[in-house]
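1. Take this sequence and fold it.
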Amino acid sequence: MSSSFRAPPVRSSGEIDLVELLKSVWHQKKLLLLVTLAVGLIAACYAFLATPQYQVSVVLRPAAINDLDALNRSEVYQLPPADALLKIGAALESYDTRLAFFRANQNLFERFVRPGETLEQSFEAFNRNSIHLILPDSDKKDTLSNYVKLEMTYPRGIDGVAILNGLVDHAIGREREQISADVSVIVQNRLNELKGKLDSARSNYNVEKEAKIASLREVDSLRRAQLQDELAALRSQLKALRSDRISQLNEAVGIARTLGIQKPATPSSFGDSDSAGAGSLIRTEVNNQQIPLYFMGVEALRAELAALGQRRSDDFTDPRVAQIAKELQLLAANREIEVLSARKNEDVFLAGVQPLRAEMTRLSHLNTDMVGIKLVTIDQQALEPLAPVKPNRLLIVVLGLFGGAVLAVFIALIRHMVLVGGASTTGSTPTVLSRALSDAKSISGAQP
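-> Take a look at the predicted model:
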């Protein structure tokens, strides 16, 4: 007798019936609806009760080339438009610039000041959370031009437009003042350098002038000493010549007295003295020899000796003495030295300083006030926003409803698992055994 008894398949406790699970969740639709609506209501309350956050921005772009032409053509300070934009961007990002604006305009930041915090602590919160600097991405090649963008997020009740525009104007103003200070310092340094070169040229000129005067005086002193030596030697020579002449005259007087020559005579007339009474004669004598001095006669020789004895100076006997006196008188005053010493405006005579003077004149008339210079172009000023950027009420409500639905399904699943788990632990084994016995009886009764 064969038996065809087959036990019905028993579902494992680890398997999940998805259809039954969905039915169980659907049977708890009231719970789903209540939880979803509750969470959505909480999200809606937050969306409509939260403080609205607004956002404003300022976009800066490089200035035109002609706006910085006056500064760049000064040959003192070079600032291309792109570098000027970077300087303004660095100033806007500077902690010191922002803090200075915060301190100078505390009435605009009253809402940011918290009780019990210092001014710097309140500014730190504002600087960290509310304001951001955005620069163009250098990796993107489709950027038309450089720009600097400054964004500010602020709650209702704060004049964000005034704060952001004021901060930009403050940063630009500080950079203008800094550039003006830099230009002034550079110009002053160059003026000092040029003045130093001019003083050096003036000092060199004075040294050269003093050296030239000293050289001229030295030459004059040397020439004067030489002339004086020559004059002393010449006077000594003339005195010696006079002494020699006196000696010669004394000798000639002795000879003439011996020969009895009282009056000037000639050798031929002296030879015919014996026949002097014969008649009047006129003689013409041609002789290329010098007539001895004693032929002048005693009277003439004594007269010359008397004159030589009474002579106090021999200077007139030689024209060279007068020439030396003339030269000494000319050396008494050097007119070139007088002209050099009498110069009033000596800068006129400085050599090679004309370019220095021209540069000093140009720098002295250079305008170092950069108040009117345009460093950047404000492409977009901060304007009053039409709507807040946060919170996004619709998005918050939708996310709240979605989150509530997810939470409701999760709660429903937990409830189902709790209920199913309790029922399986209390009555799952007897039900299976009873079903198995009844099936076995029905099968055995159906067999012959």
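2. I'd say Ile324 and Ala233 touch.
-> No. Using C-beta atoms under 8 Å, Ile324 is not in contact with Ala233; the gap is 10.3 Å. The way it works is simple: take the backbone N, C-alpha and C, and place the C-beta from them, glycine included.
3. neighbour count winner among the two?
-> It is Ile324, of Ile324 and Ala233, that has more neighbours when counted by other C-beta atoms under 10 Å, with 20 against 10.
4. Next, the buried residues of the helix or strand encompassing the more buried one.
-> Assigned by DSSP states H and E, Ile324 belongs to helix 319-331. Within helix 319-331, the residues that count as buried by 16 or more other C-beta atoms under 10 Å are 321, 324.
5. And the contacts of the helix or strand following that helix?
-> Reading on from helix 319-331 to the C-terminus, the next helix or strand found by DSSP H and E is helix 335-341. Residues from elsewhere that reach helix 335-341, judged by C-beta atoms under 8 Å, 6 or more residues apart in numbering: 209, 212-213, 216-217.
6. again, only this time at 6 Å
-> 209, 213, 216 (C-beta atoms under 6 Å, 6 or more residues apart in numbering).
7. One more: stretch 372-379?
-> Stretch 372-379 has contacts (C-beta under 6 Å, 6+ apart) with 59-61, 63, 67, 84-85, 88, 172.
8. What's the mean pLDDT across that stretch?
-> Stretch 372-379 shows a mean pLDDT of 87.
9. Would you indicate which residues of it are buried?
-> Of the residues in stretch 372-379, those buried (16+ other C-beta under 10 Å) are 373-376, 378.
10. cool, stretch 194-209 as well?
-> Buried-residue list, stretch 194-209, by 16+ other C-beta under 10 Å: 194, 197-198, 201, 205.
11. Let me see the residues that make contact with the helix holding Ile324.
-> With C-beta under 6 Å, 6+ apart as the criterion, helix 319-331 contacts 220, 223-224, 227, 230-231, 234, 315.
12. list the helices and strands the top helix by length along the chain packs on?
-> The helix spanning the most residues in the chain, taking DSSP state H as the definition, is helix 160-259. With contacts taken as 3 or more C-beta pairs under 6 Å, 6 or more residues apart in numbering; DSSP states H and E, helix 160-259 sits against strand 53-62, helix 81-93, helix 95-104, strand 148-155, helix 298-310, helix 319-331, helix 335-341, helix 354-364.
13. Switch the ones you listed over to JSON lines; also include mean pLDDT and distance to Glu177.
-> Shown next, in JSON lines, are the helices and strands packed on helix 160-259 (pLDDT from 0 to 100; distance: least, C-beta to C-beta, whole Å):
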{"stretch": "strand 53-62", "mean pLDDT": "88", "distance to Glu177": "18"}
{"stretch": "helix 81-93", "mean pLDDT": "90", "distance to Glu177": "11"}
{"stretch": "helix 95-104", "mean pLDDT": "89", "distance to Glu177": "12"}
{"stretch": "strand 148-155", "mean pLDDT": "87", "distance to Glu177": "19"}
{"stretch": "helix 298-310", "mean pLDDT": "88", "distance to Glu177": "98"}
{"stretch": "helix 319-331", "mean pLDDT": "91", "distance to Glu177": "67"}
{"stretch": "helix 335-341", "mean pLDDT": "90", "distance to Glu177": "50"}
{"stretch": "helix 354-364", "mean pLDDT": "89", "distance to Glu177": "20"}
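14. could you redo those as TSV and give each row distance to Val187?
-> Listed next are the helices and strands packed on helix 160-259 as TSV, based on distance: least, C-beta to C-beta, whole Å:
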stretch	distance to Val187
strand 53-62	26
helix 81-93	19
helix 95-104	25
strand 148-155	29
helix 298-310	84
helix 319-331	52
helix 335-341	36
helix 354-364	5
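15. Of the contacts of stretch 372-379 - the most surrounded one?
-> Most neighbours among these, by other C-beta under 10 Å: Leu60, with 25 neighbours.
16. Beta-bridge partners for that one, please?
-> Beta bridges link Leu60 to Val148, Ile378 when assigned by DSSP bridges.
17. surely it meets Val148?
-> Yes. Counting by C-beta atoms under 6 Å, Val148 is a contact partner of Leu60 at 4.5 Å.
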